[in-house]
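Asks: Sequence and predicted structure, then a few things I'm wondering about:
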Amino acid sequence: MAEMVFLWTDILIFVLLAIVAAFVLVARKRAHLRRPWQTVFKSKVGISTFIVLMFYVTIGLLDSVHYRPVVSEQSKDNAELLSVLDLVLSDLRLNQEKTYSAPLATHLYARESIEQDDGSTVRDFPRLEFGGAHLTNPQQQRTVDILLKAGQGMFAGVVVWTMLALLILIISWPSSVSITDHVARFFHNTSDIPWRTALITLLLLCLLAGAISNLSFYYHVLGTDKVGEDVLYQALKSVRTGLVIGTLTTLVMLPAAILLGIMAGYFKGWVDDVIQYTYTTLNSIPGVLLIAAAILMMQIYMSNHEADFNSLVERADMRLLFLCLILGVTSWTGLCRLLRAETLKLSELDYVQASTAFGVGNFTIILKHILPNVLHIVLITVVLDFSGLVLAEAVLSYVNIGVDPSTNSWGNMINSARLEMAREPVVWWSLSASLFFMFSLVLAANLFSDVVRDAFDPRLRN
């Protein structure tokens with residue numbers, strides 16, 4: 001028996017998902033919105049990076065459905081708050097070791113005093129409780145077993161890839177083309193969409209995910225941290241934090257940036273002056289200091305109202321939401337300035353002047369003539385800002401003014417890795433894991449944003 005729990009960030013994530021779904025439905029019916037996106041998915045780089053981003057989005061959505069397992073009415077308040085991703089990664093979450101262990105290791109990373117059967121004590125590396133526990137002779141069996149388990153996982157990945165490829169083949173089959181021609185175009189990359197590139201990217205992801213998932217049942221693939229928690233579990237749980245920072249911050253800053261930017265450029269005069277003074281003053285305040293002050297005030301509020309939060313997860317989620325709000329408040333000014341400049345240019349064009357001369361209302365002109373012509377700037381800025389916000393979370397958490405320390409995030413992993421890098425021998429895998437996951441997400445987002453910019457920029461559209 002389980003009780004569903006809806007955190008604030010969960011609700012906002014699914015609201016954002018609904019907005020994206022509604023935009024897709026609208027874009028399919030309007031050629032001027034559909035055509036640029038067709039250009040994006042005709043690009044090999046665009047479709048490859050889109051698949052990588054969808055992999056991250058799937059992990060984030062699984063981690064955004066929370067529930068509280070309830071065994072009895074007495075344990076209801078003390079039950080741990082979990083997500084669907086926690087359920088999927090139950091082995092990684094529960095199989096904790098004593099302390100550090102290297103990736104795919106069978107023994108701890110540091111020597112300890114081990115008492116022998118005869119009562120003597122030796123200094124050696126103790127066996128892990130879960131990692132490689134199925135091996136009777138790790139020194140001889142470990143390498144062959146890792147290759148075997150990785151191969152089994154890759155085979156399962158190929159099976160999953162085959163099913164997905166058949167599903168994509170069926171969905172993309174136009175009724176006017178025979179199945180033989182469609183398969184030939186599909187695999188020879190002669191159709192409008194580079195399906196072969198998409199399938200190769202999907203195959204690589206399935207192979208990697210299959211090998212890692214099968215190995216994770218028997219080993220700690222990316223090692224364990226100081227308290228013995230699996231680093232792969234921490235890295236996957238950090239995906240949601242990065243996506244929340246990158247998307248919900250955008251949701252916060254877009255209304256203010258669009259409304260104020262268009263108003264400043266269209267109405268001019270004192271309206272323009274007030275809005276300019278507002279974002280100029282806000283830009284004059286050091287962003288890091290403003291974020292630090294807001295987070296410290298939020299911490300004081302939560303400390304004085306502990307009864308308002310039922311669990312540490314809900315408390316950490318409120319701090320994450322507040323961080324998104326602060327980042328949104330400090331990041332809307334750049335887009336507002338761009339929209340103001342574009343609106344100043346559009347308001348002087350003939351069709352806008354003609355609408356004004358015929359007595360069309362200001363709201364109608366803004367809605368029908370100004371807003372559609374600045375949407376490409378909004379979309380390009382949103383996509384470009386995503387990777388910057390993901391990196392901002394890592395930097396802020398590194399200086400302890402980011403997300404709650406109990407929240408899994410790449411910034412917290414990098415922050416905790418500072419002392420680990422000063423150890424002898426060096427514990428390098430926590431830092432490497434967080435950098436790899438963050439690097440792949442930011443790289444995919446940057447490459448995808450370049451394709452989106454080229455497709456939506458009117459100067460490059462031809």
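Replies: Thanks, I have the structure now.

Asks: all contacts plus neighbour counts: C-alpha atoms, from now on.
Replies: Fine.

Asks: so how far is Glu112 from the residue of the chain positioned farthest from its centre?
Replies: Relative to the centre of the chain, and counting by Cα atoms, centre = their mean, the farthest-placed residue is Asp118 at 53.5 Å. Distance of Asp118 to Glu112, given as Cα to Cα, to the nearest Å: 17 Å.

Asks: Would you map the strands across the stretch 51-200 of the chain?
Replies: 66-69, 82-83, 112-115, 121-124 (DSSP state E, counting those that start in this stretch).

Asks: Let's have these in TSV, adding distance to Gly334, mean pLDDT and mean neighbour count.
Replies: Formatted as TSV, those follow (distance: least, Cα to Cα, whole Å; pLDDT from 0 to 100; neighbours: other Cα atoms under 10 Å):
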stretch	distance to Gly334	mean pLDDT	mean neighbour count
strand 66-69	35	85	18
strand 82-83	36	88	19
strand 112-115	55	75	12
strand 121-124	58	78	12
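
Asks: Reformat the ones you listed into a markdown table and put distance to Arg28 next to each item.
Replies: Shown next, in a markdown table, are these (distance: least, Cα to Cα, whole Å):
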| stretch | distance to Arg28 |
| --- | --- |
| strand 66-69 | 32 |
| strand 82-83 | 33 |
| strand 112-115 | 64 |
| strand 121-124 | 64 |
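
Asks: The ones you listed: which one's closest to Ile59?
Replies: Ile59 sits nearest to strand 82-83 of all the strands of the stretch 51-200 of the chain, at 10.9 Å, using Cα to Cα.

Asks: Give me the sheet partners of that closest one and which way each runs.
Replies: In the sheet, strand 82-83 lines up against strand 66-69 (antiparallel) (DSSP bridges).

Asks: Select, out of the strands of the stretch 51-200 of the chain, the one closest to Leu435.
Replies: Checking the strands of the stretch 51-200 of the chain against Leu435 by Cα to Cα gives strand 82-83 as the closest, at 24.1 Å.

Asks: Show residues contacting that closest one.
Replies: 62-69 (Cα atoms under 8 Å, 6 or more residues apart in numbering).

Asks: How many residues are close by Ser303?
Replies: Neighbour count of Ser303, defined by other Cα atoms under 10 Å: 11.

Asks: List the first helix or strand encountered after the host helix or strand of it toward the C-terminus.
Replies: Following DSSP states H and E, one finds Ser303 within helix 287-304. Sequence order places helix 312-331 as the next helix or strand after helix 287-304, per DSSP H and E.

Asks: what's the angle between that following helix and helix 287-304?
Replies: Between helix 312-331 and helix 287-304, the angle comes out at 150 degrees (axes from the mean of the first three to the mean of the last three Cα atoms, to 10 degrees).

Asks: so after helix 312-331, what's the next helix or strand?
Replies: Heading C-terminal from helix 312-331, the first helix or strand you meet, by DSSP H and E, is helix 333-346.

Asks: any idea how far Ala394 is from Glu229?
Replies: 20 Å.

Asks: Actually, Leu169.
Replies: With distances taken as Cα to Cα, Leu169 is found 39 Å from Ala394.

Asks: Among the two, which residue is more densely surrounded?
Replies: Neighbour count, other Cα under 10 Å: between Leu169 and Ala394, Ala394 has more, with 24 against 17.
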